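*Asks:* got a predicted model here, sequence first, then my questions.
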Amino acid sequence: MFLLHSFRFVGTLLMSLLPAAAIAQMEPKGFYVTGYAQYSRIGSSTFTESGALGAGSGLNAEFKGGGGLGGDIGYRYGNGWAAEVEWNYRRHSLSSLRQGGATLAQDGDFASSIILINGLRRFKSSPKWTPYVGAGIGWVQEIDVDIKPLAGGGERGYSKNNKAAFQLIAGAEYALTQNWRLTADARWLRVGSVTMNNESGNTGGSVTSLDYNPVSFQIGVRYSF
């Protein structure tokens, strides 16, 4: 009985998706470009800062809500699928850096510049609305963290290049005219645990095991050719 109900449910679901799939098949092929602004959040992270001026192990960093911007160049295949190349920059201000009960810093930032290749599945549900989901793989051009200690001394900065990234995407597109559209989506980006070498303020030092997995919300404008 359970299997019978399961098959009926799957059949009903597939039948409900057929109209959206048929509309997607009628979507015109073509290129598009998008520009967007972004609100981003990143979780706290425990890490180690080595070097003569480093604060040592057991450090906990918390970050404020951040901002970013980006854009993409994509191509719709006319069958509900699209592919795009995206560039993204985002920055999160440091809220606090603690070690045990001591606060070591309350100023600094954690930022990244990343290039991604995304694949999208589009579900054109009406002439105006097009929901979509997707995933992307990327290459981190640069990721860096800056720390400005409360106890004085200069800013300490660390960075890394050439690291892999991955993201999941879910959102919708709204047609304003035949060519212009508004977009809104959420993206979960995962870079993972990052080790960065010193750029300034702590020669020979490094930051290890600092997590970078932001969740963001984008609002953009898209032009379809």
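*Replies:* Looks like it arrived, so ask away.
*Asks:* for Thr46, which residues are in contact?
*Replies:* Thr46 is in contact with Gly58, Leu59, Asn60, Ala61, Ser209, counting by C-beta atoms under 8 Å, 6 or more residues apart in numbering. To be clear about C-beta, it is placed using only N, CA and C from the backbone, and glycine gets the same treatment.
*Asks:* am I right that Ala151 falls within a helix?
*Replies:* No. Read with DSSP: H, G, I helix; E, B strand; the rest coil, Ala151 is coil and lies in no helix.
*Asks:* returning to what we had before: buried subset of the contacts of Thr46, written for PyMOL?
*Replies:* Of those, the buried ones can be selected in PyMOL as follows, counting by 16 or more other C-beta atoms under 10 Å:
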select buried, resi 59+61
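*Asks:* and the contacts of Thr46, which of them are in strands?
*Replies:* Those of the contacts of Thr46 mapping onto strands are Gly58, Leu59, Asn60, Ala61, Ser209, per DSSP state E.
*Asks:* who's in contact with the closest residue to the first one other than its chain neighbours?
*Replies:* In other words, Gly58. Nearest residue to Gly58, sequence neighbours excluded (C-beta to C-beta, 6 or more residues apart in numbering): Gln99, at 5.7 Å. For Gln99, the contacting residues are Ala55, Gly56, Gly58, Leu59, Asn60, by C-beta under 8 Å, 6+ apart.
*Asks:* now do Phe31
*Replies:* Ile73, Gly74, Tyr75, Arg76, Ser224, Phe225.
*Asks:* tell me the buried residues within those residues.
*Replies:* Among the contacts of Phe31, those buried by neighbour count (16+ other C-beta under 10 Å) are Gly74, Arg76, Ser224.
*Asks:* the closest residue to Gly66 other than its chain neighbours bridge partners, please.
*Replies:* Distances taken as C-beta to C-beta, 6+ apart put His92 closest to Gly66, at 3.5 Å, once the chain neighbours are dropped. Using DSSP bridges, the beta-bridge partners of His92 come out as Phe110.
*Asks:* distance check, His92 against Ala184.
*Replies:* For His92, the distance to Ala184 (C-beta to C-beta, to the nearest Å) stands at 21 Å.
*Asks:* which one's more surrounded, the two?
*Replies:* Neighbour totals were compared for His92 and Ala184, and His92 leads with 24 against 13 (other C-beta atoms under 10 Å).
*Asks:* from what I see, the more buried one and Lys64 are in contact.
*Replies:* Yes. Contact status for His92 versus Lys64: in contact at 6.6 Å, counting by C-beta atoms under 8 Å.
*Asks:* contacting residues for Phe110?
*Replies:* Contacts of Phe110 (C-beta under 8 Å, 6+ apart): Ile42, Ala61, Phe63, Gly66, Arg91, His92, Leu94, Ile143, Asp144, Val145, Leu210, Tyr212.
*Asks:* OK, contacts around the first one?
*Replies:* Counting by C-beta under 8 Å, 6+ apart, Ile42 makes contact with Phe63, Gly66, His92, Phe110, Tyr212, Asn213, Pro214, Val215.
*Asks:* can you read off the pLDDT for it?
*Replies:* We have a pLDDT of 97 for Ile42.
*Asks:* which residue packs closest to it, ignoring adjacent ones?
*Replies:* Excluding the flanking residues, the one nearest Ile42 by C-beta to C-beta, 6+ apart is Pro214, at 4.3 Å.
*Asks:* need phi/psi at the one you found.
*Replies:* Dihedral pair for Pro214: phi -80, psi 150, per degrees, to the nearest 10.
*Asks:* beta partners of the residue nearest to Gly58?
*Replies:* Beta-bridge pairing for Gln99 (DSSP bridges): Leu59, Ala102.
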